[in-house]
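Engineer: Pasting a predicted model and its sequence here:
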Amino acid sequence: MNELKLYLVFTTENNKTHNLIIDWPKSDLDGATIQAAMNDVIESGAFHVGDKGRLTGIAEARYIERTITPVIF
């Protein structure tokens, strides 16, 4: 079984980064769509991450796929 995640990496007001991880995203999203969604998240101001502060910018976005192989004993 393959597992797909989309990591949205934001910069914060205290010069750190913070990840929002999306499980099972659509795998055909283009960069412009992801960037627009990330900008919407930033502009909403909905996230304040403890000592990291508010999300202020986009660092990167990446898909991560891994294969899970169950082993039966």
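Structural biologist: Perfect, I can see it now.
Engineer: which other residues reach stretch 48-60?
Structural biologist: Contact partners of stretch 48-60, identified using C-beta atoms under 8 Å, 6 or more residues apart in numbering, comprise 7, 9-14, 16-18, 35, 38-39, 41-42, 45, 47. Quick note: C-beta positions are derived from backbone N, CA and C, even for glycine.
Engineer: Filter these down to the ones in strands?
Structural biologist: Judged by DSSP state E, the contacts of stretch 48-60 include 7, 9-12, 17-18 as members of strands.
Engineer: who wins for neighbours among those?
Structural biologist: Neighbour counts for the ones in strands among the contacts of stretch 48-60 (other C-beta atoms under 10 Å) peak at F10, which has 23 neighbours.
Engineer: Nearest to T67, out of the ones in strands among the contacts of stretch 48-60: which one, please.
Structural biologist: Nearest to T67 among the ones in strands among the contacts of stretch 48-60: Y7, at 17.5 Å, using C-beta to C-beta.
Engineer: check contacts around that closest one.
Structural biologist: 19-22, 60-64 are the contacts of Y7 under C-beta under 8 Å, 6+ apart.
Engineer: just how off-centre is the helix or strand harbouring K5 within its chain?
Structural biologist: Per DSSP states H and E, K5 falls inside strand 2-12. Chain-centre distance of strand 2-12: 3 Å, with C-alpha atoms, centre = their mean, to the nearest Å.
Engineer: For it, which strands pair with it and how are they oriented?
Structural biologist: Each strand paired with strand 2-12, and its direction, by DSSP bridges: strand 17-23 (antiparallel), strand 53-67 (antiparallel).
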